[in-house]
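Undergrad: Provided below are the primary sequence and the corresponding predicted coordinates.
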Amino acid sequence: MGLPLTKYALTQLSDDLIIINFAKNHSGGPAGLVYGYIAVWLGFTSIFIALGELTSMIPSAGGQYHWTSMLAPKSSTRFFSHVTGSICIIAWTAASTSTVYTAASIFQSTVALNHPNYDPKGWHVTLIMWGILLLCSLFSMWLGMILPILEVLIGITHVLGFFAFLIPVIYLGPRADARSVFVQTYNFGGWPDVTLATFVGLKGTIAMFLGTDGVVHMAEEVANSSLVVPQSMLFAIVINGILGFAMLIAFLFTAGDLSAIVKSQATYPFMQILENSTRSKGAAVILSSMMAVMSVFCGLGGISSGSRMLWAFARERAIPGWQWIHKLDQRTAVPFHSTAIIITAAGLIGLINIGSSEVLNIVLSLTMEAFFFSYIIPLSFLLYRRLKGDISEPGHGSKNGLIWGPFRLKGLFGILNNIFALVFASVAALFGFWPSQNHPHLSNMNWSSAIFGGTLILAVIYYFGWGRKHYMGPVMEIQAPAQVLEPRSNAPDIYRD
């Protein structure tokens with residue numbers, strides 16, 4: 001593949017989702033949102049710095065499962081690598097579906113806002129999803145050469161849209177006092193104390209930062225990826241973090257009666273806030289539609305990253321049908337078949353919404369846990385190798401093939417950051433399994449633990465039943481003079497140039 005991506009292409013534009021999740025993350029109240037956002041922002045910055053170090057060492061479309069294979073003890077390298085790859089595919093498929101579903105649902109809600117007599121149906125959202133997926137397939141499969149230009153335009157629109165939201169909300173909206181924003185807390189979930197309620201309520205904020213590592217899976221298509229990809233993730237998390245925090249503070253100061261908004265039955269309470277702030281239903285519809293459009297492009301980025309992840313896994317013979325899945329389009333050098341699989345899977349999952357949106361949300365609830373476990377496994381092995389001193393400095397040679405890349409935190413700072421990233425990821429994954437209310441009923445139970453646990457068990461069973469017979473470890477596409485290839489895995493017979 002040879003897609004000439006721009007330096008900061010294909011980073012997730014997560015701060016727009018601040019508005020989408022605003023007021024739905026009610027546990028902890030305004031103060032919990034503010035301080036929780038800062039904590040989550042720092043936690044993800046730590047994670048992506050550590051992932052950046054791994055990318056700098058081993059820039060591969062496989063990402064997490066490739067790093068796991070290189071860092072894990074030899075006795076278990078194939079097992080942990082294969083399970084990590086399975087988790088990554090689950091995460092990106094669910095994330096792409098979730099983002100496209102959110103965009104479709106917002107589009108439907110804007111229609112309902114503008115036409116009070118409209119009767120929204122689940123199948124309407126599914127049809128809108130399919131339309132969005134059709135558009136994503138057009139850009140991903142046939143117009144991949146313009147993706148770099150498109151990403152730049154998206155980035156510009158993203159920043160301009162930030163001011164398009166912020167200015168009218170601040171100028172026209174009501175004013176709240178500082179105490180109601182930085183001190184006031186809520187505990188609608190019936191938890192023993194506000195601190196626990198705040199931790200439970202972090203899920204909405206955490207969801208906004210997931211996917212920034214998507215550029216990792218494009219590493220084999222980026223020039224100077226050992227440095228560019230880590231810088232891209234860090235750039236994205238810093239810029240989106242700043243813009244998102246500014247948007248959060250603006251909305252908290254101009255939202256009006258937050259308790260009434262939280263208790264409302266609106267699908268997206270931010271639309272009510274926009275209408276109240278701008279005093280115009282038309283303005284609320286336009287601004288909400290802009291968010292839906294940006295979510296569409298986030299979905300496009302997710303599909304691109306997920307398809308590369310699936311393509312890399314198929315290249316390693318890790319899944320049935322790998323011969324067909326890993327093929328590239330000869331004209332565009334795009335993984336056509338893997339992209340088609342991700343888009344088709346998202347479309348089929350969207351059918352669930354026709355019967356019940358609650359069931360669809362249960363299926364998509366495994367997104368957060370899948371992402372965090374895909375971080376925890378390689379970062380744990382990175383810390384293990386770090387403490388053992390198994391990773392060599394550049395230019396000093398290496399007995400085990402592990403050499404630091406140009407992007408890294410040296411010495412004690414790197415170890416402390418690695419530990420902090422693991423602690424944050426573990427805590428976030430733990431509270432991701434919690435329900436939104438204490439002593440929940442079946443209707444509001446968080447089923448993500450059952451969904452994720454079931455998929456993890458299936459991944460392990462699949463490895464021992466089929467995967468271990470065919471999966472020999474990750475490989476990389478290497479260009480070499482005179483077609484001479486140097487094997488870089490324990491499966492040299494499947495190397496290709």
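TA: Thanks, I have it.
Undergrad: what helices or strands is the strand or helix carrying A312 leaning on?
TA: Using DSSP states H and E, A312 maps to helix 281-315. Taking 3 or more Cβ pairs under 8 Å, 6 or more residues apart in numbering; DSSP states H and E as contact, the helices and strands that helix 281-315 lies on are helix 17-21, helix 77-114, helix 122-137, helix 147-172, helix 269-278, helix 322-325, helix 336-350. From N, CA and C alone the C-beta is placed, and that goes for glycine too.
Undergrad: Check the offset of that helix from the chain's centre.
TA: On the basis of Cα atoms, centre = their mean, to the nearest Å, the separation between the geometric centre of helix 281-315 and that of its chain is 11 Å.
Undergrad: and E220, which of the helices and strands packed on helix 281-315 is closest to it?
TA: In this view, those are compared for proximity to E220 by Cβ to Cβ, and helix 336-350 is the closest at 13.4 Å.
Undergrad: looking at it, G414 is touching F407, isn't it?
TA: No: G414 sits out of contact with F407 when judged by Cβ atoms under 8 Å, with a separation of 11.1 Å.
Undergrad: any common contacting residues for these two?
TA: Residues touching both G414 and F407 (Cβ atoms under 8 Å, 6 or more residues apart in numbering): E53.
Undergrad: Make a markdown table out of the helices and strands packed on helix 281-315 and add distance to L234, mean pLDDT and mean neighbour count.
TA: Listed next are the helices and strands packed on helix 281-315 as a markdown table, based on distance: least, Cβ to Cβ, whole Å; pLDDT from 0 to 100; neighbours: other Cβ atoms under 10 Å:
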| stretch | distance to L234 | mean pLDDT | mean neighbour count |
| --- | --- | --- | --- |
| helix 17-21 | 19 | 49 | 24 |
| helix 77-114 | 20 | 88 | 24 |
| helix 122-137 | 27 | 90 | 19 |
| helix 147-172 | 15 | 76 | 16 |
| helix 269-278 | 28 | 77 | 22 |
| helix 322-325 | 32 | 83 | 15 |
| helix 336-350 | 26 | 89 | 21 |
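Undergrad: Distance of the residue nearest the centre of the chain relative to L196?
TA: With the centre of the chain defined as its mean C-alpha position, the nearest residue by Cα atoms, centre = their mean is G211, 2.0 Å away. Distance, G211 to L196, using Cβ to Cβ, to the nearest Å: 27 Å.
Undergrad: repeat for I206
TA: On the measure of Cβ to Cβ, I206 and L196 end up 16 Å apart.
Undergrad: related to what we said a few turns ago, buried sites along the helix holding A312?
TA: Judged by neighbour count using 16 or more other Cβ atoms under 10 Å, the buried positions of helix 281-315 are 284-285, 287-315.
Undergrad: Ok, stretch 190-197 next?
TA: Buried residues in stretch 190-197 (16+ other Cβ under 10 Å): W191, V194, L196, A197.
Undergrad: Touching it from outside, list them.
TA: Residues from elsewhere that reach stretch 190-197, judged by Cβ under 8 Å, 6+ apart: 27-29, 32, 185-189, 200, 437-439.
Undergrad: helices and strands around the strand or helix carrying G244, which ones?
TA: Secondary structure assignment for G244, by DSSP H and E: helix 225-254. For helix 225-254, the contact count by 3+ Cβ pairs under 8 Å, 6+ apart identifies helix 17-21, helix 29-57, helix 147-172, helix 178-182, helix 203-209, helix 269-278 as packing neighbours.
Undergrad: relative to helix 29-57, how tilted is that helix?
TA: Here helix 225-254 runs at an angle of 170 degrees relative to helix 29-57 (axes from the mean of the first three to the mean of the last three Cα atoms, to 10 degrees).
Undergrad: Would you mark the buried spots in helix 225-254?
TA: Neighbour-count burial for helix 225-254, counted by 16+ other Cβ under 10 Å, picks out 225-237, 239-241, 243-245, 247-254.
Undergrad: related to what we said a few turns ago, can you say which of the helices and strands packed on helix 225-254 is nearest to A104?
TA: Closest to A104 of the helices and strands packed on helix 225-254, according to Cβ to Cβ: helix 17-21, at 12.7 Å.
Undergrad: ok so, going back, with distance to G52 added, can I get the helices and strands packed on helix 281-315 in CSV?
TA: Shown next, in CSV, are these (distance: least, Cβ to Cβ, whole Å):
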stretch, distance to G52
helix 17-21, 22
helix 77-114, 17
helix 122-137, 27
helix 147-172, 19
helix 269-278, 32
helix 322-325, 28
helix 336-350, 25
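Undergrad: between those, which one is nearest to G43?
TA: Each of these has some distance to G43 by Cβ to Cβ; the shortest is helix 17-21, at 16.3 Å.
Undergrad: And the helices in the stretch 301-450 of the chain, which stretches?
TA: Listed from the start of the chain, the stretch 301-450 of the chain has helices (DSSP state H, counting those that start in this stretch) covering 322-325, 336-350, 352-355, 357-364, 366-388, 411-432, 448-462.
Undergrad: Can you list the helices and strands that the second one packs against?
TA: Going back to what we said before, that points to helix 336-350. Judged by 3+ Cβ pairs under 8 Å, 6+ apart, the packing partners of helix 336-350 are helix 77-114, helix 122-137, helix 281-315, helix 322-325, helix 357-364.
Undergrad: Export it to CSV, keeping only CA atoms.
TA: What follows is the C-alpha trace of helix 336-350 in CSV, where atoms were taken according to Å, rounded to 0.1, in the frame of the first residue of the first chain:
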residue,chain,number,x,y,z
PHE,A,336,-10.7,-3.4,-0.7
HIS,A,337,-11.9,-6.7,0.7
SER,A,338,-11.2,-5.9,4.4
THR,A,339,-12.9,-2.6,4.0
ALA,A,340,-15.9,-4.2,2.5
ILE,A,341,-16.1,-6.6,5.5
ILE,A,342,-15.9,-3.9,8.1
ILE,A,343,-18.6,-1.8,6.3
THR,A,344,-20.8,-4.9,5.8
ALA,A,345,-20.5,-5.9,9.5
ALA,A,346,-21.5,-2.4,10.5
GLY,A,347,-24.5,-2.5,8.2
LEU,A,348,-25.6,-5.9,9.6
ILE,A,349,-25.2,-4.8,13.2
GLY,A,350,-27.3,-1.7,12.4
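Undergrad: any idea of the angle it forms with helix 77-114?
TA: Relative orientation of helix 336-350 and helix 77-114, computed by the same axes, to 10 degrees: 50 degrees.
Undergrad: Contacts for helix 336-350 next, please.
TA: Identification of contacts with helix 336-350 by Cβ under 8 Å, 6+ apart yields 92-94, 96-97, 100-101, 104, 125-126, 129-130, 133, 136-137, 140-141, 303-304, 306-308, 310-311, 314, 324-329, 360, 363-364.
Undergrad: who's in contact with the nearest residue to I451 once chain neighbours are set aside?
TA: Excluding its sequence neighbours, the residue lying closest to I451 (Cβ to Cβ, 6 or more residues apart in numbering) is L366, at 4.5 Å. L366 is in contact with I90, A94, S448, I451, F452, T455, counting by Cβ under 8 Å, 6+ apart.
Undergrad: So which of the buried residues of stretch 190-197 belong to helices?
TA: Secondary structure from DSSP state H places V194, L196, A197 of the buried residues of stretch 190-197 in helices.
Undergrad: Looking at those residues, which is nearest V83?
TA: Closest to V83 out of those is L196 (31.2 Å), distances taken as Cβ to Cβ.
Undergrad: Distance-wise, check that closest one relative to A370.
TA: Applying Cβ to Cβ, one obtains 24 Å for the distance of L196 from A370.
Undergrad: Repeat that for H470.
TA: When distances are taken as Cβ to Cβ, H470 and A370 turn out to be 23 Å apart.
Undergrad: Sweet, I'm off.
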